[in-house]
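Peer 1: any chance you could fold what I've pasted below:
(3 chains)
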Amino acid sequence: MPELPEVEHAVRLLRRAVRGRTIAHAELRHPSLARRLPPAVLASLAGARIADVTRRGKHQLIALADGRTLRAHFRMTGDWLVLRAGEEPPRFARAVFELDDGRRLVLEDSRALATLDVHPAGAPPALDLGPEPADPALTPEYLRARFARRRGPIKPALLDQRVIAGLGNIYAAEALWRARIGPRVRASSLSRPRLAALIAAIRAVIGRATGARYTEIGAARLAVYDREGLKCRRCGTPIRRIVQAGRSTYYCPACQRR
DNA sequence: GGTCGCCTGGTA
DNA sequence: TACCAGGCGACC
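Peer 2: Predicted coordinates:
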């Protein structure tokens, strides 16, 4: 379940598995998805050839040869499975796409918060996302401008996808720790050098979105996330947990400056 | 800006 | 039984 590297991993898997294939049949297995995709739209996916799979932020964009875009967002627990012909979809299969070669592409999502949308040809999704972490357009000057009128703390601001696309709760906390910036510091108060350090930290923790999954990175590599009460890897002070904008924030109260 | 709701599960 | 969960949009 995904932050940007996990989504990138999923996109690569998906591209390799389904590009060039045609959807033979599409089926939804949860009412919250059915609410988004009317039966007629779902039925219209049959016969569509998959031209390519790309990513923008945490959105997966499945380009269909007829010009439409099938957009998938994993939210908290979504993932793709590719089943060989005859394999049974698992308990948490929320959408099943049967392909022309008999394999089935399954959206697996225990919490059922993931979304699927179909965008008509000629009307690609308008996502209103900021630059990707790896985008050279992500500069201290850019962040200065975006944060200038924000009164609130930096941590929730980093989760705003309109500012930076793809940063999630874990890596926002990790990046702030690396840059030694306290999560409650006002976004607008950060100087250019500190923003430069923050950008470098974001790139370091996200990696190059090489597709390493959180579970494969292993919790041992994380500096603060989910480490409440454990010693800061830099200074030994116990890590603290607070709640900001309804999300957990983990940080070191000693070496992350206020 | 903050809080809640969406859903359902895993874990203390 | 209660709390927590990697996201995000609606609402105040």
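
Peer 1: what residues does the stretch 151-258 of chain A put near DNA strand B?
Peer 2: Within reach of DNA strand B by C-beta under 7 Å from any atom of the strand, the stretch 151-258 of chain A has these residues: A:151-153, A:156-157, A:160, A:187, A:243-246. Just so you know, the C-beta spots here come from the backbone N, C-alpha and C atoms, and that holds for glycine as well.

Peer 1: and the residues you listed, which of them are in strands?
Peer 2: Those of those mapping onto strands are A:243-244, per DSSP state E.

Peer 1: let's have the residues of the stretch 151-258 of chain A next to DNA strand B in CSV, adding pLDDT.
Peer 2: Output for those, formatted as CSV (pLDDT from 0 to 100):
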residue, pLDDT
A:Arg151, 91
A:Gly152, 94
A:Pro153, 96
A:Pro156, 97
A:Ala157, 97
A:Asp160, 97
A:Ala187, 97
A:Val243, 96
A:Gln244, 96
A:Ala245, 94
A:Gly246, 94
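
Peer 1: which ones among the residues of the stretch 151-258 of chain A next to DNA strand B also lie next to DNA strand C?
Peer 2: Contacts with DNA strand C within those, as defined by C-beta under 7 Å from any atom of the strand: A:Gly246.

Peer 1: who wins for most neighbours among the residues of the stretch 151-258 of chain A next to DNA strand B?
Peer 2: With neighbours taken as other C-beta atoms under 10 Å, the top of those is A:Ala187, carrying 23 neighbours.

Peer 1: ok, now which ones touch that one?
Peer 2: Shown in contact with A:Ala187 (C-beta atoms under 8 Å, 6 or more residues apart in numbering): A:147, A:150, A:152-154, A:157.

Peer 1: cool, and A:Ala48?
Peer 2: With contact taken as C-beta under 8 Å, 6+ apart, A:Ala48 is in contact with A:22-23, A:64-66, A:68.

Peer 1: list only those of those flagged as buried.
Peer 2: In those, burial by neighbour count holds for A:22-23, A:64, A:68, counting by 16 or more other C-beta atoms under 10 Å.

Peer 1: do you know how far A:Val185 is from A:Gly152?
Peer 2: 10 Å (C-beta to C-beta, to the nearest Å).
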